[in-house]
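Asks: Pasting a predicted model and its sequence here:
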Amino acid sequence: MASFVTPIPCAFRSIQNPTVSRHRPRRPKLRSCAQIPEPPRPADVRALLTSKGKAEQQKGLLLVRQLPPQVALDLLKLSVETSDNEFIRSTAAISIGQLPFEDEALATEAVRVMSDLLATDNDYSVRAAAAAAVGYATELPEFGKSALFDALMRALLEDSEWQVHFSCLASLGSLRDERAIPVLRKWLDAKNDLLVQASIGALGDLGAISAVADLLQLLGSKDMMTRQRLAQALGQMSDAKKEPSVIDALRTLSKDQSFAVRDAALESLERFGCASPVKTETRSDEELIEAEVSNLMKGDEAGSAVESASDALRRRLERSFDKEYVQTDAHIGSVREAGLRDMDAYSKLVDELKAGNPLSQVMAAIQLRKYDGKLAAEAVVSSNALDPQTSSERLRAISVGLLARGGDMERVIDVLKTDPDQNVRSACCDALLDLGGGPSAIATCIETFENDSHWLVRISAAITLGTIGKGNEEVEDVLIQSLKANGVKGLNAPQDTVLHRHVVTALGFLGSKKALKSFEELLSNEDTGGAVRYRIAAALRGIHCEESIVFARLLIDDEDESVAEMAQGSLDALAQHDFE
């Protein structure tokens, strides 16, 4: 029987403990005569979904996948209608799009439910999930995809929440309907960088050669994630390799100051068979990072919130229900299967990682991402790719990500504590986020946040703590302390102000009510700039209490228009919650 999968956020992924003793007894293999577990009964799943506890409802959503599609659809509708938990309702909504549509009647009903949720649900996160569900429903018959296309277009026009717009734009790419191209081109001018990135990705999914001229206008974007998504989207357009302007743009991006952008551009160039002629960046990594600092400070003086490379980490917290970022069992299985299929190619990549030139080593590390996480991590260790004496900063930063895919938290922590390059240490913080956190990761990130010598690494640690430190009082206290006068040790102005901005963001994602006192102190200080006030206005939407509403109302009258607009958005979001 066909099945579907329920999305699990990265913070809840189960990671195998790499420190388990090698002498631990192996679990015996099941023999052919082993008893096959009975499938769950619909009545039992219904009881779980209608229970009061979130854990029971989550278990019910996991068991739903084992039921016949029509029964599953009925139970998912029940979950959306009866649960009072935002996460449960959103997960049920997105799961509807992952059903196997075995007949026309089932497809018709699923289309109706997704369209209704997208158009009428009171919770914007459920509407966003319904829009994301459309992106999964690619096996629907044409009449269903056409109806959902119309539903997405209506939501883009009528819905006021950017999270809903984000999911709609991403799903338009998945539907592969070329009618979306003119609309997506218009959204490239959105003020919200996340919406621009979703539009770029959708145009890449559609292979929209007609939009190349519009896409190339974003080549000079100050936002790192926008440039990275641009490099990826151009590489998806198979016909784009015939366009000299596209190749030139990718070569420009391959020399970007962000290693993530460089990697994406190199991967696209390799896909087009144009990787070798790329001229390497002549400036050192230290010069590149200092140039980024200079740009950042210049933007602060101009009063515009120019975003640093570390904002890429913040966006990990803001990916909502974009299907590209949702890890599912099916996706993990397909990656593992593809990796195991060609061990000869794997061996060649390992050899290249050991003895290739710097560029070929980086390309080998990028290609190792398609293999099973354990294999990729083994390649990093066996090739000594993390040695600062022999490996470039780019290679080490990519290799840390491969370690995370293999579940090797202990080695990631060791690199974070010992590597001399700030970009690599920042990548380690990102890797700990991918690993899902835990006591060791939290303790290491706290130590890094308080003591690292480079501002960028400390920002990365703060953002990671904002994800993995939920419910941890020590994390809240450490971050709040850094907002006090002279609370940031080892950094001078204006780097300490940059750190403050990201700490405020992290506290917002932690939902820290204790942070409101520090926010009040910052707002009462005349020296607090518009960039920090903007972050406070944004953070309030994650702190669900009456005091947040009071602060948001005050900030609506801020002299900075962008702060006032963000405060209004937070006030609208907070109005959807009932506070006791």
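Replies: It's in.
Asks: Asp572 is in contact with Ala552, correct?
Replies: No. In this structure Ala552 lies outside contact range of Asp572 using Cβ atoms under 8 Å: 9.1 Å. No exception for glycine: its C-beta is placed from N, CA and C like everyone else's.
Asks: Ignoring the adjacent residues along the chain, who's closest to Ser90?
Replies: What sits nearest to Ser90 in space, not counting adjacent residues and going by Cβ to Cβ, 6 or more residues apart in numbering, is Ala129, at 4.0 Å.
Asks: Repeat that for Ser360.
Replies: Closest to Ser360 by Cβ to Cβ, 6+ apart is Glu352, at 5.3 Å.
Asks: again with Leu479
Replies: In space, Leu479 is closest to Val503, 5.1 Å off (Cβ to Cβ, 6+ apart).
Asks: Quick one: residues contacting that neighbour.
Replies: Contacts were defined as Cβ atoms under 8 Å, 6 or more residues apart in numbering; by that measure Val503 touches 462, 479, 482-483.
Asks: Secondary structure element holding it?
Replies: Element membership of Val503 [criterion: DSSP states H and E] is helix 495-510.
Asks: In CSV, list the C-alpha atoms belonging to that helix.
Replies: Once non-C-alpha atoms are left out, helix 495-510 reads as follows in CSV (Å, rounded to 0.1, in the frame of the first residue of the first chain):
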residue,chain,number,x,y,z
GLN,A,495,30.5,44.8,16.2
ASP,A,496,28.7,44.5,19.6
THR,A,497,25.7,46.3,18.2
VAL,A,498,25.6,43.8,15.3
LEU,A,499,25.7,41.0,17.8
HIS,A,500,22.8,42.6,19.8
ARG,A,501,20.6,42.5,16.7
HIS,A,502,21.0,38.8,16.3
VAL,A,503,20.7,38.1,20.0
VAL,A,504,17.3,39.9,19.9
THR,A,505,16.3,37.7,17.0
ALA,A,506,17.3,34.6,18.8
LEU,A,507,15.4,35.6,22.0
GLY,A,508,12.3,36.1,19.8
PHE,A,509,12.5,32.6,18.5
LEU,A,510,13.0,31.3,22.0
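Asks: Skip ahead from it and say which helix or strand is next.
Replies: helix 515-524.
Asks: And the helix or strand just after that next one, what does it pack against?
Replies: Downstream of helix 515-524, the first helix or strand assigned by DSSP H and E is helix 530-539. Contacts defined by 3 or more Cβ pairs under 8 Å, 6 or more residues apart in numbering; DSSP states H and E place helix 530-539 against helix 495-510, helix 515-524, helix 546-555, helix 561-574.
Asks: Ala552 and Asp572 - which one has more neighbours?
Replies: The neighbour comparison of Ala552 against Asp572 (other Cβ atoms under 10 Å) goes to Ala552, with 24 against 14.
Asks: do you know how far the more buried one is from Ala539?
Replies: Using Cβ to Cβ, to the nearest Å, Ala552 is found at 10 Å from Ala539.
Asks: Check which helix or strand the residue nearest to Ser360 maps to.
Replies: With DSSP H and E as criterion, Glu352 is part of helix 343-355.
Asks: what's that helix packed up against?
Replies: Packed next to helix 343-355, using 3+ Cβ pairs under 8 Å, 6+ apart, are helix 358-367, helix 373-382.
Asks: among the ones you listed, which is nearest Met343?
Replies: Proximity to Met343 (Cβ to Cβ) singles out helix 373-382 among the helices and strands packed on helix 343-355, at 8.6 Å.
Asks: on contacts alone, who are the packing partners of the closest one?
Replies: So helix 373-382, by 3+ Cβ pairs under 8 Å, 6+ apart, packs with helix 329-341, helix 343-355, helix 393-405.
Asks: For it, C-alpha coordinates in CSV please.
Replies: Extracted in CSV, the C-alpha atoms of helix 373-382 (Å, rounded to 0.1, in the frame of the first residue of the first chain):
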residue,chain,number,x,y,z
GLY,A,373,25.6,10.8,5.6
LYS,A,374,27.8,8.2,7.2
LEU,A,375,29.7,7.6,4.0
ALA,A,376,30.2,11.3,3.5
ALA,A,377,31.5,11.8,7.0
GLU,A,378,33.9,8.8,6.6
ALA,A,379,35.3,10.4,3.5
VAL,A,380,36.0,13.6,5.4
VAL,A,381,37.8,11.8,8.2
SER,A,382,39.8,9.4,6.0
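Asks: got the buried residues for that helix?
Replies: 373, 375-380 (16 or more other Cβ atoms under 10 Å).
Asks: With stretch 488-506 instead?
Replies: Quick answer for stretch 488-506 (16+ other Cβ under 10 Å): 488, 491, 494-506.
Asks: any idea how far that stretch is from the chain center?
Replies: 23 Å (Cα atoms, centre = their mean, to the nearest Å).
Asks: how about the helices in the stretch 151-300 of the chain?
Replies: 162-175, 181-187, 193-206, 212-216, 224-236, 244-253, 259-271, 285-301 (DSSP state H, counting those that start in this stretch).
Asks: Distance to Gly401, mean pLDDT and mean neighbour count added to those helices, as a markdown table?
Replies: A markdown table is the format used below for the helices of the stretch 151-300 of the chain (distance: least, Cβ to Cβ, whole Å; pLDDT from 0 to 100; neighbours: other Cβ atoms under 10 Å):
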| stretch | distance to Gly401 | mean pLDDT | mean neighbour count |
| --- | --- | --- | --- |
| helix 162-175 | 23 | 94 | 26 |
| helix 181-187 | 29 | 95 | 17 |
| helix 193-206 | 19 | 94 | 25 |
| helix 212-216 | 26 | 92 | 18 |
| helix 224-236 | 14 | 92 | 24 |
| helix 244-253 | 19 | 88 | 18 |
| helix 259-271 | 10 | 87 | 23 |
| helix 285-301 | 17 | 43 | 15 |
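Asks: so Thr444 is in which element?
Replies: helix 439-451.
Asks: Show the secondary-structure elements that the next helix or strand after that helix is packed against.
Replies: Counting by DSSP H and E, the next helix or strand C-terminal to helix 439-451 is helix 455-468. Applying 3+ Cβ pairs under 8 Å, 6+ apart, we find helix 455-468 packed against helix 311-316, helix 422-434, helix 439-451, helix 473-482, helix 495-510.
Asks: Buried deepest among those helices, which one?
Replies: Mean neighbour count (mean count of other Cβ atoms under 10 Å) peaks for helix 422-434 among the helices and strands packed on helix 455-468, with a mean of 26.
Asks: Any chance you could give me that helix in CSV, C-alpha atoms only?
Replies: Taking C-alpha atoms only, helix 422-434 is exported to CSV below (Å, rounded to 0.1, in the frame of the first residue of the first chain):
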residue,chain,number,x,y,z
GLN,A,422,36.1,32.1,11.7
ASN,A,423,34.1,30.9,8.7
VAL,A,424,34.8,27.3,9.5
ARG,A,425,33.8,27.9,13.2
SER,A,426,30.6,29.6,12.0
ALA,A,427,29.9,26.5,9.8
CYS,A,428,30.3,24.4,12.9
CYS,A,429,27.5,26.3,14.7
ASP,A,430,25.3,25.8,11.7
ALA,A,431,26.2,22.0,11.8
LEU,A,432,25.2,21.8,15.4
LEU,A,433,21.8,23.2,14.5
ASP,A,434,21.5,20.5,11.7
